[in-house]
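[1] Sharing a model prediction with you, sequence too.
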Amino acid sequence: MKIIEPKSPAEFEKYYALRYELLRKPWSQPKGSERDDIDKTSLHRMIIDEPNGKAVAVGRLQFNSIEEAQIRYMAVSDDYQGKGYGRKMVKALDNIAREKGSRKIILQSRGDAVKFYEKNGYKIIEKSYLLFDEIQHWLMEKELS
């Protein structure tokens, strides 16, 4: 398992393909909906399964202010869940935020991922929005030291 920062067009193709496959396609969203304008100013990480070069986990870190970072578009392939890939991704993104001087990190968790984030030190702040009229999200945060 190797965490990388996608840089080449081929790496970004794998990165965005996984984001689309896991976070948009199941809800019949169009290709391109896995991207937004903040991608250009955000930091991206991807876990590659080294034997086959397959992208198995992705995550994005954006900075909302000097003190606040946010994890977005976090996803782990179904076949790789429960094996520590998500935990490693969150830890890597937390560490980047800390190194850049953020005091806290927030995220919008889908309901089925709340327990995962709680195990990684995040606390629920409030119930937030409903994505695609069916996926409840929860605002969560973690204080960084």
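    Yep, it's here.
[2] Show me where the chain has its strands.
    Secondary structure of the chain (DSSP state E): strands at 2-4, 43-49, 54-63, 68-76, 104-110, 123-131, 135-143.
[3] Tell me what the closest residue to Met74 other than its chain neighbours is bridged to.
    Distances taken as C-beta to C-beta, 6 or more residues apart in numbering put Gly59 closest to Met74, at 4.3 Å, once the chain neighbours are dropped. In this view, the C-beta of every residue, glycine as well, is placed from N, C-alpha and C. According to DSSP bridges, the residues that bridge with Gly59 are Arg45.
[4] Now stretch 86-102: buried residues?
    When neighbours are counted by 16 or more other C-beta atoms under 10 Å, the buried residues of stretch 86-102 are found to be 86, 88-90, 92-94, 96-97, 102.
[5] can you list the residues that contact it?
    Contact partners of stretch 86-102, identified using C-beta atoms under 8 Å, 6 or more residues apart in numbering, comprise 1, 3, 43, 45, 47, 57-59, 61, 63, 66-69, 71, 74, 76, 105, 116-117, 119-121, 142, 144-145.
[6] residue contacts, Ile125?
    Residues near Ile125 by C-beta under 8 Å, 6+ apart: 106, 138-141.
[7] Brilliant, that's me finished.
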